[in-house]
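Participant: Pasting the sequence and the predicted model now:
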Amino acid sequence: MTPPTLSRRAVAAEFLRRQWLDRPRGRRLTARTLPEFVSQACGLQIDSVNVLDRAHHLTLWSRFGEYDRKQLERLTYRKRVLFEYLSHVACFVATRDLPLHKAMMDDCPARFDARHKGWRKKHAEIIAAVQQAVTERGPLGNADFERPKHMGKGAGWWSWKPATHALDYLWKAGRIGIHSRVNFHKRFASMARVLPAFADTAAMPLEQAMRERLLRSLSAMGAASGDDLAKYWTWPGWKAPAQRATLKALLNEGLVLEVGVEGDKRPWYARAEDVPGLERAH
């Protein structure tokens, strides 16, 4: 069967709609719309670069126009409709998607062991000490942990002080969370304080979570090439053969369909339920 061919205009229009840019600054930021947008987009990127404004403020402004930043702070760090984790990079993600993200957290130790062989064993003592300090005295920030004098000032990932590596690992593994920020510096606390329902929330099975990750990426874009899928949701790293195998399985099951896009010889993909709408779009 020949894949349907979509117009570039239809693909672009649907992408804008899926990213909530079809009505720029035309919606209100509320306790309902904020997590709905963040969930559909698969995350709201947080960036320390501050030129006009920080990335997440610009992203929200482009969708919701002027909004009350105190309300955003309240919804994120008090009501907890969002929490800080990773999808593309460091992001706010929707708390309602916790089972999906918890699958990535549970898989984190194995990923660390594969990439940094022996690191967890070598630093088990500092990891345990940092977790205990955060649990007992949190919220704590990186500055609350001393840097060994022999390390000097340094720069870059491998010159982080041991406690910084431990905080990063514990956060990615879901053993601590980002409680709040002060002057944009992260403050960590136990997951029980950050997300009270964390312990009672079951993680999605990892294979299901990776399928969901790909399906949600397609939903966020409407239609996407293989390169788009590889770059949209990048954390945790997903080796190309494994990602292609998941895509092939979804194609075989009929959940995803191959489509063509005018002027592009590469195969594109869309969720099966989205193809009729894409074909009708202009």
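Facilitator: Ah, there it is. Numbering: from 1, shown residues only.
Participant: I'd like to check what contacts the longest helix seen in the chain. Which residues are they?
Facilitator: Identified as the longest helix of the chain according to DSSP state H is helix 98-115. Contacts to helix 98-115, defined as C-beta atoms under 8 Å, 6 or more residues apart in numbering, come from residues 83, 85-87, 93, 119-120, 169, 172-174, 195, 197-198, 201-206, 208-209, 212-213, 235-237. Backbone N, C-alpha and C define where each C-beta goes, glycine included.
Participant: and the helix or strand that Leu247 is a member of, C-alpha only, in PDB?
Facilitator: According to DSSP states H and E, Leu247 maps onto helix 240-252. In PDB, the C-alpha atoms belonging to helix 240-252 read as follows (Å, rounded to 0.1, in the frame of the first residue of the first chain):
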ATOM      1  CA  ALA A 240      19.100   4.200  17.200                       C
ATOM      2  CA  PRO A 241      18.600   0.400  16.600                       C
ATOM      3  CA  ALA A 242      16.400   0.100  19.700                       C
ATOM      4  CA  GLN A 243      14.400   3.200  18.700                       C
ATOM      5  CA  ARG A 244      13.900   1.900  15.200                       C
ATOM      6  CA  ALA A 245      12.800  -1.500  16.500                       C
ATOM      7  CA  THR A 246      10.200   0.100  18.700                       C
ATOM      8  CA  LEU A 247       9.000   2.200  15.700                       C
ATOM      9  CA  LYS A 248       8.800  -0.900  13.500                       C
ATOM     10  CA  ALA A 249       6.700  -2.700  16.200                       C
ATOM     11  CA  LEU A 250       4.300   0.200  16.300                       C
ATOM     12  CA  LEU A 251       4.100   0.200  12.500                       C
ATOM     13  CA  ASN A 252       3.400  -3.600  12.500                       C
END
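Participant: Can you name the residues that contact the residue minimising distance to the centre of the chain?
Facilitator: Nearest to the centroid of the C-alpha atoms of the chain, with distances taken as C-alpha atoms, centre = their mean, sits Ser87, at 2.0 Å. Going by C-beta under 8 Å, 6+ apart, Ser87 touches Cys42, Gly43, Val93, His101, Trp233, Thr234, Trp235.
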